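Asker: sequence and predicted structure below; questions after.
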Amino acid sequence: MPTAKRTALYLIAVVAIAIALFALYISIALHWSYSEGERAGFVQKLSKKGWLCKTWEGELALVSLPGAAPEKFIFTVRDDAVAERINKQVGTRVALVYAQHKGLPTSCFGDTDYFVEDIKTIQP
């Protein structure tokens with residue numbers, strides 16, 4: 001076999017392996033969570049953002065004491081049905097169930113590491 005063909009096949013194999021490893025890494029990063037939990041507060045905003053990859057990005061105002069400056073919890077929602085449920089609860093006290101996924105390579109998966117998976121209404 002000529003050397004040029006062997007080099008081309010070797011290069012194609014290396015690129016294919018690199019692409020497969022990158023896809024495996026993304027799959028693991030999306031399905032394995034670094035941390036999980038709930039944050040309670042008032043949803044201030046939720047909007048679909050992005051030039052190429054549109055993702056739902058939102059802010060939750062965490063209020064610990066009346067009169068204290070609220071801390072913001074910035075989050076991403078990947079599921080349109082969950083985003084719709086959150087939009088219906090804007091301005092009310094809710095608990096967001098989230099999972100933190102560290103190490104995602106681009107913002108196409110979301111602007112934050114925190115992905116909201118569910119919403120619970122908190123009764124006054």
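Answerer: All right, it came through fine. Numbering: from 1, shown residues only.

Asker: longest strand of the chain?
Answerer: Across the chain, the longest stretch assigned as strand under DSSP state E is strand 35-49.

Asker: which parts of stretch 38-58 are buried?
Answerer: Residues of stretch 38-58 classed as buried: 39, 41, 42, 43, 46, 55, 56, 57, 58 (neighbour count, 16 or more other CB atoms under 10 Å). For every residue, glycine as well, the C-beta is placed using N, CA and C.

Asker: what average pLDDT does it get?
Answerer: Average pLDDT, stretch 38-58: 91.

Asker: repeat for stretch 94-101
Answerer: pLDDT averaged over stretch 94-101 gives 94.

Asker: go through that stretch and flag the buried ones.
Answerer: 94, 95, 96, 98, 99, 101.

Asker: from the residues you listed, which ones fall inside strands?
Answerer: Per DSSP E, these map to strands at 94, 95, 96, 98, 99.

Asker: in this structure the first one contacts residue 121, no?
Answerer: Right, the one you point to is residue 94. Yes. Contact criterion CB atoms under 8 Å: residue 94 and residue 121 qualify, at 5.8 Å.
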